[in-house]
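Trainee: No letters, just coordinates:
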């Protein structure tokens with residue numbers, strides 16, 4: 001099946017030609033009747049065009065990734081905390097022992113005591129003691 005991102009099948013990108021299932025080879029179809037006698041010629045032509053085909057697939061894949069990025073960025077909401085905000089943090093950050101899948105996923109509340117430009121924060125618990133690994 002052709003990939004959505006580049007419009008080509010992995011086989012065609014690797015070998016420079018499309019696949020034919022055994023049923024197409026045994027039972028004459030329009031596709032096999034057109035190719036009779038021209039197989040060698042077609043394979044040589046496909047090998048010459050393989051590089052161009054892969055370059056085109058790369059171009060389409062880049063366009064597809066940009067489209068996905070625009071879609072994601074249009075819907076994501078950036079959240080920035082400032083000094084004094086109360087937040088929760090993921091339990092994994094504290095590296096405490098795992099309590100299983102029914103255990104809490106978040107811990108806190110913690111107060112932001114310092115907020116960096118790029119999303120780095122220092123947190124303190126409710127008594128004012130700074131929390132490690134934030």
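Mentor: On my side now, so go ahead. In this text, all values refer to a predicted model and were calculated from it rather than measured experimentally.

Trainee: which residues in the protein form strands?
Mentor: Under the criterion DSSP state E, the chain contains strands at 86-90, 106-115, 121-124.

Trainee: Can you list the neighbours in contact with the last one?
Mentor: By that I understand strand 121-124. Residues outside strand 121-124 that contact it (Cβ atoms under 8 Å, 6 or more residues apart in numbering) are 81, 87, 89, 108, 110-115, 130-131, 134. In this view, the C-beta of every residue, glycine as well, is placed from N, C-alpha and C.

Trainee: Skipping its backbone neighbours, what lies nearest residue 90 in space?
Mentor: Nearest residue to residue 90 in three dimensions, chain neighbours excluded: residue 106, at 6.3 Å (Cβ to Cβ, 6 or more residues apart in numbering).

Trainee: I misspoke; the intended subject was residue 49.
Mentor: In space, and not counting its chain neighbours, residue 49 is closest to residue 16: 7.0 Å by Cβ to Cβ, 6+ apart.

Trainee: Verify the contact between that neighbour and residue 53 for me.
Mentor: Yes: using Cβ atoms under 8 Å, residue 16 is in contact with residue 53, at 6.9 Å.

Trainee: How far does the longest helix along the chain sit from its chain's centre?
Mentor: Assignment by DSSP state H gives helix 39-75 as the longest helix of the chain. Here helix 39-75 is found 17 Å from its chain centre; the criterion is Cα atoms, centre = their mean, to the nearest Å.

Trainee: ok, now stretch 83-103?
Mentor: Taking Cα atoms, centre = their mean, the mean C-alpha location of stretch 83-103 is offset from the chain mean by 27 Å.

Trainee: same deal with stretch 91-104?
Mentor: For stretch 91-104, the distance to the chain centre is 27 Å (Cα atoms, centre = their mean).

Trainee: Identify each buried residue in that stretch, please.
Mentor: residue 91 (16 or more other Cβ atoms under 10 Å).

Trainee: again, but for stretch 48-64
Mentor: In stretch 48-64, counting by 16+ other Cβ under 10 Å, buried: 50, 53, 54, 57, 60, 61.
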